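Peer 1: the following block contains a protein sequence and its predicted model.
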Amino acid sequence: MALKGRDAAAQGAARRVILLGASNLTRGCHTVLQLARQAWGGPLDVLAAWGRGRSYGWNSRLFGRELPGIVACGLWPALAARPRVPLAALITDIGNDLLYGAETEQIAAWVELCVARLAEAGARTTMTMMPMANLETLSPARFNFFRRILFPHRPLELATVVAGARDLDARLRTLVARYEVTMIEQRTDWYGLDPIHLAQKNWRRAWREIIFSWNAAMPANVRVQRSLTRWLRLHALNQEALRRFGRARTTSQPVARLWNDVTLSLY
């Protein structure tokens, strides 16, 4: 389908989904999109701000790629320009900014800005909480192992990260109560050795519980088809605005049409 046709499909979609997150959302995007399609119906217009290492408020860099903070990306003006239809939203992967050194008050303010914008748009919003059970039981040796892999240039201390996570978690709980957001507690059995990334073998189970909070009437038996080709295609798509090795790149949105009834825009 030509880009003009994709844009028309997005504008004429019967329902809409907003997805905000970082590594977990990016890694599991193929599963999440299938479940969103089943839980929320269609034709479906998906606006997503994801990306490994994504920050809610700051520009984030990873392997030469730089993305704007979620609160400042083009998703919000794109949402405002679209006609109002039933809207569901997911806010996840909030803890990255702790590891970047942001203050918990600032992180909570960024997240609240997203929640407030979604509430104004009439969204049914779900937020995943911090994986506190994982962090509270994390040994210093395991913490340092993953810190060297995931954040090698940041001198992080386990006690500081856990204290920040506790404070941020408390702020998020106040926030979800204020805005009547659905809160999803993250289960320890969704994870493996890695304390912050969902284990791939548990993606279907974990994302089903998270996404189906939009629609409690969904059946227990849902189908999630594995497709390496489509997964690779999704990971090759570009956000509307990014920088690669310092060079700005702009990609027109929507960027893809999936399953004939899902239009995807990335920001």
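Peer 2: Received the coordinates, thanks.

Peer 1: neighbours of Ala49, how many?
Peer 2: For Ala49, the neighbour count with other C-beta atoms under 10 Å is 28. Quick note: C-beta positions are derived from backbone N, CA and C, even for glycine.

Peer 1: can you check Thr125 too?
Peer 2: 23.

Peer 1: okay, and the beta partners of it?
Peer 2: For Thr125, the beta-bridge partners are Ala89 (DSSP bridges).

Peer 1: all helices of the stretch 151-267 of the chain, in order?
Peer 2: 158-179, 203-211, 228-236 (DSSP state H, counting those that start in this stretch).

Peer 1: next one: the stretch 1-150 of the chain
Peer 2: 3-11, 23-27, 29-40, 75-81, 96-99, 104-120, 132-136, 140-150.

Peer 1: ok, which of those comes nearest Gly69?
Peer 2: helix 104-120 (7.2 Å; C-beta to C-beta).

Peer 1: that closest one - contacts with which helices or strands?
Peer 2: Helix 104-120 is packed against strand 87-91, helix 96-99, strand 123-128, helix 158-179, with contacts defined by 3 or more C-beta pairs under 8 Å, 6 or more residues apart in numbering; DSSP states H and E.

Peer 1: if we can go back for a sec, export the helices of the stretch 1-150 of the chain to JSON lines and append columns for mean neighbour count, distance to Arg249 and mean pLDDT.
Peer 2: Formatted as JSON lines, the helices of the stretch 1-150 of the chain follow (neighbours: other C-beta atoms under 10 Å; distance: least, C-beta to C-beta, whole Å; pLDDT from 0 to 100):
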{"stretch": "helix 3-11", "mean neighbour count": "15", "distance to Arg249": "16", "mean pLDDT": "64"}
{"stretch": "helix 23-27", "mean neighbour count": "21", "distance to Arg249": "18", "mean pLDDT": "96"}
{"stretch": "helix 29-40", "mean neighbour count": "22", "distance to Arg249": "20", "mean pLDDT": "94"}
{"stretch": "helix 75-81", "mean neighbour count": "16", "distance to Arg249": "17", "mean pLDDT": "97"}
{"stretch": "helix 96-99", "mean neighbour count": "22", "distance to Arg249": "22", "mean pLDDT": "90"}
{"stretch": "helix 104-120", "mean neighbour count": "18", "distance to Arg249": "24", "mean pLDDT": "98"}
{"stretch": "helix 132-136", "mean neighbour count": "16", "distance to Arg249": "35", "mean pLDDT": "88"}
{"stretch": "helix 140-150", "mean neighbour count": "13", "distance to Arg249": "25", "mean pLDDT": "81"}
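
Peer 1: which ones are touching Gln239?
Peer 2: If you count contacts by C-beta atoms under 8 Å, 6 or more residues apart in numbering, Gln239 has them with 49, 51, 67, 73, 251, 266-267.

Peer 1: are any of these buried, and which?
Peer 2: Buried members of the contacts of Gln239, counted by 16 or more other C-beta atoms under 10 Å: 49, 51, 67, 73, 266-267.

Peer 1: how many residues are close by Trp203?
Peer 2: Trp203, neighbours per other C-beta under 10 Å, totals 20.

Peer 1: can you check the pLDDT for it?
Peer 2: In this model, Trp203 is scored at 93, pLDDT.

Peer 1: over to the one 4 residues further on?
Peer 2: Note for Trp207: predicted pLDDT of 95.

Peer 1: check Pro219 too.
Peer 2: 66.

Peer 1: ok, the residue nearest to Val162 when sequence neighbours are not counted to Ala163 distance?
Peer 2: Once flanking residues are discounted, Val162 sits nearest to Leu135: 5.3 Å by C-beta to C-beta, 6 or more residues apart in numbering. From Leu135 across to Ala163, the span is 10 Å (C-beta to C-beta, to the nearest Å).

Peer 1: same check, this time on Leu90
Peer 2: 27 Å.

Peer 1: these two: who's more crowded?
Peer 2: Leu90 (27 against 13).

Peer 1: show me what contacts that one?
Peer 2: Leu90 sits in contact with 17-21, 25, 32, 125-128, 210-211, where contact means C-beta under 8 Å, 6+ apart.
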